[in-house]
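Visitor: Everything below, folded, please.
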Amino acid sequence: MAVVPYKEESTSKKEQVARMFDNISHRYDFLNHFLSLGIDRGWRDKAVKLMIPLKPKLILDVATGTGDFALQALQLNPEKIIGVDISEGMLDVGRRKVREKHVDHLVELRSGDSENLPFPENKFDAVTVAFGVRNFENLEQGLREIIRVLKPGGMAVVLEFSRPRSFPFKQLYSLYFKFILPKIGRIVSSDKAAYTYLPESVDAFPDGEDFINILHNVGFKDTKCRSLTFGISSIYIATK
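Guide: Just a heads-up that it's a prediction; the model follows:
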């Protein structure tokens, strides 16, 4: 059974995820940086730097949210970055940030479904997803869409939460992620489901070698996994 934010409802995971992010969009950036102790910025920076040898000119950021990854990817000097997301609330926050930074000529944020991307085949030099693949309703379909829109030789970079395996970090992480984080998230965001869904979705996500195998199955090659901060998150890279 799919992990969803609002278990009592019969709507699809996609609809629920969109509504959840609409609900928390006004506090998302604050909570993201606060609850990760600011480490999430460093994770994104490491993921961006892996694309330096590729020198991508056209980048697609899937599940872009408020555009943090797209904005950090500007250090690669691309000609254009397009971010897509199913939450208009998150996109509105992201567009405001893009305008404030005066980079709206370089970064375009638009509504789009990760499992039905509105782009032709072989269009992008790189496709990125930061903390978004676990929210896909159909993980393999979303990954097939990514490989479809990538140019041959193009790179996919996926940054996602994972589960620490070593003692005592595994136990400390579990305590924080499952008990402390949801309580803080509920108080600040006013959406009780959002920060309960987060640890549940991470638990259900096939991380590490399991995700590498899925990438292979949908057609990616040269897949690699890099563990970050004792295994709290991982960067996956793969080429078409």
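
Visitor: Which strands or helices does the lengthiest strand in the chain pack on?
Guide: Longest strand in the chain, counting residues (DSSP state E): strand 150-161. With contacts defined as 3 or more Cβ pairs under 8 Å, 6 or more residues apart in numbering; DSSP states H and E, strand 150-161 has these neighbours: helix 39-49, strand 124-130, helix 139-149, helix 209-217, strand 233-239. C-beta coordinates here come from the backbone N, C-alpha and C atoms, glycine included.

Visitor: measure the nearest residue to Lys55 once chain neighbours are set aside to Ala63 for me?
Guide: Distances taken as Cβ to Cβ, 6 or more residues apart in numbering put Leu76 closest to Lys55, at 7.2 Å, once the chain neighbours are dropped. Distance, Leu76 to Ala63, using Cβ to Cβ, to the nearest Å: 19 Å.

Visitor: Just want to know which of those two has more residues nearby.
Guide: Neighbour count, other Cβ atoms under 10 Å: between Leu76 and Ala63, Ala63 has more, with 25 against 18.

Visitor: How about the contacts made by that one?
Guide: When contacts are counted by Cβ atoms under 8 Å, 6 or more residues apart in numbering, Ala63 touches Val84, Asp85, Ile86, Ser114, Val129, Ala130, Phe131, Gly132, Val133, Asn135, Phe136.

Visitor: hey, what's the fifth one bridged with?
Guide: Val129 forms beta bridges with Val62, Val158, as assigned by DSSP bridges.
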